[in-house]
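Asker: I would like to see how this sequence folds:
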Amino acid sequence: GTYPANVATLQQQVAALTEEIRYIHGNQTQFASDVDAKYANVRDLDVSWLVLCGALVFFMQAGFSMLEVGAVQRKNQINILYKNILDGSVAAIGYW
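Answerer: Below you'll find the predicted structure:
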């Protein structure tokens, strides 16, 4: 009883999906720009998060520098600070 009706319904769905695939295939550039526009805010949020985390890492570097300066003799403090500046600079250039 319902078998031919189910087959006919499935054939209609397959035909509709085939037509949609042809439409998508013919308009790929439009769909790509739609996807880019849809996820532009997500990409901006990712970049903002990366910049914020990078800034936090550099603040941690400064805090660790102060910790090291407090743990060494006065005559070695400038050397420790130079070492930490060099460390942060090399890391920034290496990341870039």
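Asker: hey, where'd the helices end up in the protein?
Answerer: Remark: helices assigned in the chain by DSSP state H are 3-26, 28-38, 40-71, 77-95.
Asker: in CSV: these, plus mean pLDDT and mean neighbour count.
Answerer: Any C-beta I mention is one placed from the backbone N, CA and C, and that applies to glycine too. Compiled in CSV, those are given as follows (pLDDT from 0 to 100; neighbours: other C-beta atoms under 10 Å):
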stretch, mean pLDDT, mean neighbour count
helix 3-26, 84, 10
helix 28-38, 71, 10
helix 40-71, 89, 11
helix 77-95, 90, 12
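Asker: distance of residue 94 from residue 28?
Answerer: Note on residue 94: its distance to residue 28, by C-beta to C-beta, to the nearest Å, is 38 Å.
Asker: can you check residue 61 too?
Answerer: For residue 61, the distance to residue 28 - C-beta to C-beta - is 46 Å.
Asker: now swap in residue 78 and tell me
Answerer: Counting by C-beta to C-beta, the separation of residue 78 from residue 28 is 61 Å.
Asker: same thing with residue 42?
Answerer: 21 Å.
Asker: what about dumping the CA coordinates of stretch 34-45 to PDB?
Answerer: Taking C-alpha atoms only, stretch 34-45 is exported to PDB below (Å, rounded to 0.1, in the frame of the first residue of the first chain):
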ATOM      1  CA  ASP A  34      28.000  34.600   2.000                       C
ATOM      2  CA  VAL A  35      30.000  32.300   4.300                       C
ATOM      3  CA  ASP A  36      32.800  34.800   4.500                       C
ATOM      4  CA  ALA A  37      30.300  37.500   5.500                       C
ATOM      5  CA  LYS A  38      28.600  35.200   8.000                       C
ATOM      6  CA  TYR A  39      31.800  34.300   9.800                       C
ATOM      7  CA  ALA A  40      33.600  37.700   9.600                       C
ATOM      8  CA  ASN A  41      32.600  38.500  13.200                       C
ATOM      9  CA  VAL A  42      33.900  35.200  14.400                       C
ATOM     10  CA  ARG A  43      37.200  35.900  12.700                       C
ATOM     11  CA  ASP A  44      37.400  39.300  14.300                       C
ATOM     12  CA  LEU A  45      36.600  37.800  17.700                       C
END
